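J.: Compute the structure for the input listed below.
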Amino acid sequence: MYTYKQIGSISYPILLSLLAQNIINVTDTAFLGHVGEVELGASAMGGLFYICAFTIAFGFSTGSQIVIARRNGEKEYAKTGPVMMQGIFFMLALATTLFSLSKLFTDDLMRLMISSDLLFEKTMDFIDVRVFGFFFSFINVMFRALYVGITRTKVLTLNAICMAVTNVILDYVLIFGKWGFPEMGIKGAAISSVISEFVSILFFILYTYFNVNIEKYGLNKIRSFDFGLLKKILNISIFTMIQYFISMSTWFMFFVAVERLGQRELAVANIVRSIYMVLFIPINSLSTATNTLVSNAIGSGNADQVVRIIKRISKLSILTMACFSAVVSIIPNTLISVYTNDITLIKASIPSLYVIAAAMLVCSIGSIVFSGVSGTGNTKSALVIEISTLFFYIIYLLIIAVYLRMPVEICFISEFIYFIGLLVLSTIYLKKGKWQHKKI
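T.: Numbers count the residues shown, from 1 in each chain. Coordinates of the predicted model:
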C-alpha cells in the first residue's frame, strides 16, 4: 500500500511539470492582458483550439502511460521502451495530419465560431504560428508518459523549469518588442510557446541519453513501425483520446457561447480560465499519479489495494484544494490583477472566480476517482462516463449561456455539474464494475 509520502514523491514532480506547461498559457494570458482585451480573447480562442488538438495526443500518451506502468509493475522493464518508441512514431504521424488539417480548414472553422472580425483576425494570427508546436508537444508527452509510467518523475521538475524560464523570457521579449526584437503582440506569444516546446523536447532527449539505463528499458533498439504493438496501445489509448478530445471540445464550446455574450465577457472567462487551470494543476498531478499507481498495483497483483489507493489520494487532493480555494477567496483582486490593470474588468471577474474556487472542491475528488477508472485499463468505461456527464454539461450550457444569456459566473456553474457527474458514475463503476483482472 502506497504511503502519503510515496504518493507525494511521485505526484510532486508531475505537479511541477504541469505547472511549466500551464505557465505557457498563464504567461501568454498575463502578458496579453496588458496588451488589450481583443488580444486576451483571441489568445483564449486560439489557445483552446490548440489544446483541443493537443488533447488527442495527450489521450494517446495517457493510454501509453497506463501500459508502461503495467509493464513496470510486472517488472518487464525492457517492454516499456518499445511502447514509448512506437508512440513517438505514431505521434509524428498524428502531428503531421493535424497540422495539415489545421492549415487547410481552421480559417473557415474559426470564421463560423467567432462573430467579431477583429477577434477572428487576431485569433488566426495566433493559430497560424501555434500549430507548429504539434511536432514538439506531441513528442514531449511521450517522454512524460515514459517517466511517469516507470515512476521516475523527478526529471519532470528539471524539464518544467527549463520550459517555463524559456517561455517567460521569450514572451516578454517578443510580445513587447524588447532587446532589439520587433513588437509582435499575440504572434510573439505563439512563437515563444513553440520555441519553449522545442527546448523541452531537446532537454528530454539529452537527459534520457545521459542519465537513463537505455538497455534496461529497451530504448537501445530503434525499431521499425510495429503495427502489432501499436494496436495493443491503441486498444487502451483510443478511448482516452476520444474522451479527452470531447471533453476539451466542450470546454471550447463554452468559450464560443461566452463570446456571443460580448468581448468583455470573453475577457473575463479567459482570465478566470487561466486561474482555474493553475488551480487544477495539483489535482491533475494527483490524477496522473492515480493512473500510474492504480495500474502498477494491478500489474503487481495487488488489485485489492486499488480502492484504498484512490481514497488516500482523494483525501490528499481535497485537503490541498481546500487551502487553494481559501486563498483564492481571500485575495481575488490580487490574483486577477496579474492579468489586467483594468479596474472594471477585475471587478467583473471576481464573481466567476468565487464560483470556480468552490467548484474545485468537488473537482478535487471527482477527478481522482475518475482517474482511478482509467488506471484500471478500462478506458472504454471511462469514455462512457465522460460522454454521459458531458451530455448534461452541454444541456446546461445551451440553456444558460445561449438561450437565457446569463452572466459568465452562472455559466461557470456548469463545472459543478461536470465533476459531480464524474464522481457519481465513477464511484458506481468502481463498486460494481469488473475491472480487477483487466488485461492490457
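
J.: buried set for stretch 347-354?
T.: Residues of stretch 347-354 classed as buried by neighbour count (16 or more other C-beta atoms under 10 Å): 348, 349, 351, 352, 353, 354. (Each C-beta comes from the backbone N, C-alpha and C, glycine too.)

J.: just stretch 397-414 next, same as before
T.: Under the neighbour-count criterion of 16+ other C-beta under 10 Å, stretch 397-414 has 397, 400, 401, 402, 408, 409, 410, 411, 412, 413, 414 buried.

J.: before we move on, which element is the residue found closest to the third one once you drop the neighbours it is linked to in the chain in?
T.: With C-beta to C-beta, 6 or more residues apart in numbering as the measure, residue 257 is the residue that lies nearest to residue 401, at 4.0 Å, once sequence neighbours are left out. With elements delineated by DSSP states H and E, residue 257 resides in helix 227-261, which encompasses its position.

J.: just to revisit the earlier point, residues contacting the residue nearest to residue 401?
T.: 397, 398, 401, 402, 411 (C-beta atoms under 8 Å, 6 or more residues apart in numbering).

J.: Could you pull up the mean pLDDT of the helix holding residue 257?
T.: For helix 227-261, mean pLDDT is 79.

J.: hang on, the earlier thing: now the buried residues of stretch 347-354 in a markdown table, with pLDDT, secondary structure and distance to residue 323?
T.: Formatted as a markdown table, the buried residues of stretch 347-354 follow (pLDDT from 0 to 100; DSSP: H, G, I helix; E, B strand; the rest coil; distance: C-beta to C-beta, whole Å):
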| residue | pLDDT | secondary structure | distance to residue 323 |
| --- | --- | --- | --- |
| 348 | 91 | helix | 26 |
| 349 | 92 | helix | 22 |
| 351 | 94 | helix | 22 |
| 352 | 93 | helix | 21 |
| 353 | 93 | helix | 16 |
| 354 | 94 | helix | 16 |
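
J.: nearest to residue 311, of those?
T.: Set against residue 311, the nearest of these by C-beta to C-beta is residue 354 (28.9 Å).

J.: What are the boundaries of the helices in the stretch 301-440 of the chain?
T.: For the stretch 301-440 of the chain, helices defined by DSSP state H, counting those that start in this stretch occupy the ranges 306-330, 332-336, 343-375, 379-397, 408-411, 414-432.

J.: Among the ones you listed, which comes closest to residue 141?
T.: Residue 141 sits nearest to helix 343-375 of all those, at 15.3 Å, using C-beta to C-beta.

J.: Against which helices or strands is that closest one packed?
T.: helix 37-73, helix 263-299, helix 306-330, helix 332-336, helix 379-397, helix 408-411, helix 414-432 (3 or more C-beta pairs under 8 Å, 6 or more residues apart in numbering; DSSP states H and E).

J.: hmm, 10 Å instead?
T.: Other elements packing on helix 343-375 under the criterion 3 or more C-beta pairs under 10 Å, 6 or more residues apart in numbering; DSSP states H and E are helix 37-73, helix 227-261, helix 263-299, helix 306-330, helix 332-336, helix 379-397, helix 408-411, helix 414-432.

J.: and residue 363, which of those helices is closest to it?
T.: For residue 363, the closest of the helices and strands packed on helix 343-375 is helix 414-432, at 4.5 Å, according to C-beta to C-beta.

J.: quick revisit: okay, the buried residues of stretch 397-414 in a markdown table with pLDDT next?
T.: Putting those into a markdown table (pLDDT from 0 to 100) gives the following:
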| residue | pLDDT |
| --- | --- |
| 397 | 87 |
| 400 | 89 |
| 401 | 84 |
| 402 | 82 |
| 408 | 90 |
| 409 | 91 |
| 410 | 93 |
| 411 | 90 |
| 412 | 91 |
| 413 | 92 |
| 414 | 91 |
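
J.: Tell me which two in those are the farthest apart.
T.: 402 and 409 (16.3 Å).
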